[in-house]
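Trainee: Structure here, sequence nowhere to be found:
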């Protein structure tokens, strides 16, 4: 009898302990599964895909107040990324911040295309300026992007593979000239398309979207970071230039000049070619919009990306909003 009384006396504690174990498990169960939320969103589609890279670009985009979240399913979390559903300029969109680098960019793009009913992809962010004819604050919508990160790094005087698109002779940059440079030479190797067996370092954005972008008018581009920090001239929008992508943050004047002289590149970044390649490989139209935040190493002193990056991001967001607004209801018409 005493033993029974012992258990009865401690019964409230036992119940409380069991409930403490159960509550987290119950609260962790979502009201709807991921698949059901995605299914409901896709039933309301199709959507335009928007992909940017890192927080300052995202902050600038949301600061324009153009994005209106979906009333019941504002986001879906998948593999550490948050895909946001909503509207921009009256168009239904799915937005995601992919993360820095080509692997992140390709993975996020493929996730978006696999998961959602998307009609095409608008990729945007900031970039380094490799063209002396352009200025910080300008926005570039390139027609082509080179994947300049696939290298044949060879010994001095070695034979460059015939398929390589260009050669960087590191010895040419010795100061003073002469002597031995063991870093040798770099050949820029094209990627092979497994479906066609063609090799190229260039990836093209969609022509019909590029034509739409060339007709954009009245885009507001900011000149001042604040009341005391302003650019010397009004930023401009450039459509149809060339850009490059690699897993390298370029802050070197000599390499910047090499890229411009060799490939005719105006902007350098770490994601765009991967987004373009992934989108095109899946049969989707794609365009890239990049604001120029720095001179990729040609500046005097420290890189100014921290100073003018937010301005370039705002200008990019304004162009994105204007481009989305210009899109017809059927955004997949033409190629």
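Mentor: All right, it came through fine. This structure is a prediction, so every number in the text was calculated from the model and none was measured.

Trainee: can you list the domains in the protein?
Mentor: 34-150+190-326, 151-189 (automatic domain parsing).

Trainee: mind putting these in a markdown table, mean neighbour count and mean pLDDT included?
Mentor: Placement of C-beta: from N, CA and C, glycine included. Output for the domains of the chain, formatted as a markdown table (neighbours: other CB atoms under 10 Å; pLDDT from 0 to 100):
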| stretch | mean neighbour count | mean pLDDT |
| --- | --- | --- |
| domain 34-150+190-326 | 19 | 95 |
| domain 151-189 | 13 | 92 |
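
Trainee: Do me a favour and get the end-to-end distance for stretch 177-195?
Mentor: End-to-end distance for stretch 177-195, by CA to CA, to the nearest Å: 45 Å.

Trainee: and what of stretch 293-310?
Mentor: End-to-end span of stretch 293-310 (CA to CA): 8 Å.

Trainee: and residue 288, helix, strand or coil?
Mentor: strand (DSSP: H, G, I helix; E, B strand; the rest coil).

Trainee: In the sheet, which residues pair with it? Tell me.
Mentor: Here residue 288 shows beta-bridge partners residue 123, assigned using DSSP bridges.

Trainee: Surely it is in contact with residue 142?
Mentor: Yes: counting by CB atoms under 8 Å, residue 288 does reach residue 142; the two are 5.7 Å apart.

Trainee: what about stretch 120-128, distance to the chain center?
Mentor: Offset of stretch 120-128 from its chain centre (CA atoms, centre = their mean, to the nearest Å): 5 Å.

Trainee: residues in contact with the residue nearest to residue 192 when sequence neighbours are not counted?
Mentor: Closest residue in space to residue 192, ignoring its immediate chain neighbours: residue 199 at 4.9 Å, by CB to CB, 6 or more residues apart in numbering. Residue 199 sits next to 163, 190-193 when contact means CB atoms under 8 Å, 6 or more residues apart in numbering.

Trainee: helix/strand/coil for residue 210?
Mentor: helix.

Trainee: again with residue 36
Mentor: What three-state DSSP gives for residue 36 is helix.

Trainee: Quick check: it vs residue 73, distance?
Mentor: Using CB to CB, to the nearest Å, one gets 10 Å for the distance from residue 36 to residue 73.
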